[in-house]
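A.B. asks: how would this look folded up:
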Amino acid sequence: MAKAKVLTKDEVRRVLRIAETLNHGQRDKLALALSIMGGMRVGEIAALTLGDVRGIDGRAVDIIHLAKHQTKGNRSRRVFVGDELRRILSIFLGHSKELPDAAPLIASSRTGRHMCTVTLSTRLKSIYRAAGIDTSSHAGRRTFATRKNELGIGMATIQQLMGHSSIQTTALYCHVSDEQLRNAANAD
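C.D. replies: Model prediction:
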């Protein structure tokens, strides 16, 4: 199986812009942002409730606490929310004030319940395709890991951010560019 594409910064902007133009644009943009900017798995995104991302003050949380039943491997984990992801989350929450904490964050437009993982995965892949990018829904997560690696963040830290039990798994997510190789070769 081929690895998902690592998106360029321009491709990320294009994908998020295209998501906004579709029906349920804010929902889809948030799902993409959670993947690309939060490194979350599609199943984790699909399992989120509004209460998972909304603090008691009604604002977006700094850390999303995922329970065991929401993650792969049945291990709870934390997702740290960066500034841009928090901004996107805040916009979405501004339109969801009247909904209870137990309501799904990414709801199916057909049923109003949690969107199933396969449906969300298919939705994200179709948005990538609409942006002219042939990749899987996993591209966001791979992009997240690679960007952190490019910034010089250590593999053990990226492993924690990704929720991997093995650092070898994390290493598989991180694409190494020619520029990184050149810089490493020239480092003293």
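A.B. asks: CA only for contacts and neighbour counts going forward, please
C.D. replies: Fine.
A.B. asks: For the residue nearest the centre of the chain, which non-adjacent residue is spatially closest?
C.D. replies: In the chain, the residue lying closest to the centroid (Cα atoms, centre = their mean) is Ser35, at 1.2 Å. Nearest non-adjacent residue to Ser35, counting by Cα to Cα, 6 or more residues apart in numbering: Gly140, 4.9 Å away.
A.B. asks: My guess is the one you found contacts Leu30. True?
C.D. replies: No - judged on Cα atoms under 8 Å, Gly140 makes no contact with Leu30 at a distance of 12.0 Å.
A.B. asks: before we move on, the earlier item: quickly note the distance from the residue nearest to the centre of the chain to His65.
C.D. replies: Ser35 sits at a distance of 15 Å from His65 (criterion: Cα to Cα, to the nearest Å).
A.B. asks: Please apply the same query to Gln168.
C.D. replies: Separation of Gln168 from His65 (Cα to Cα) stands at 24 Å.
A.B. asks: what sits up against the lowest-mean-pLDDT helix or strand in the chain?
C.D. replies: The helix or strand of the chain with the lowest confidence, counting by mean pLDDT, DSSP states H and E, is helix 178-186 at a mean of 82. For helix 178-186, the surrounding residues in contact (Cα atoms under 8 Å, 6 or more residues apart in numbering) are Glu150.
A.B. asks: Hmm, Ser137 and Lys5 touching each other?
C.D. replies: No - applying Cα under 8 Å as the test, Lys5 and Ser137 come out as separate, 9.6 Å apart.
A.B. asks: between the two, which one's more packed in?
C.D. replies: Per other Cα atoms under 10 Å, whichever of Lys5 and Ser137 has more neighbours is Ser137, with 23 against 18.
A.B. asks: Need the pLDDT of the more buried one.
C.D. replies: Reading off the confidence values, Ser137 has pLDDT 92.
A.B. asks: Can you tell me the SS state at it?
C.D. replies: Following DSSP: H, G, I helix; E, B strand; the rest coil, we place Ser137 in the coil state.
A.B. asks: pretty sure it is touching Thr119, no?
C.D. replies: No - counting by Cα under 8 Å, Ser137 does not reach Thr119; the two are 10.7 Å apart.
A.B. asks: Where does the prediction get shaky in the chain?
C.D. replies: 1-2 (pLDDT under 70).
A.B. asks: before we move on, the earlier item: you'd agree the residue nearest to Ser35 is in a strand?
C.D. replies: No - counting by three-state DSSP, Gly140 is not found in a strand; it is helix.
A.B. asks: Using the three-state scheme, assign Thr157.
C.D. replies: helix.
A.B. asks: quick one, phi psi at Ala107?
C.D. replies: Main-chain dihedrals, Ala107, degrees, to the nearest 10: phi -90, psi 150.
A.B. asks: dump the residue contacts of it.
C.D. replies: Neighbouring residues of Ala107 by Cα under 8 Å, 6+ apart: Arg113, His114, Met115.
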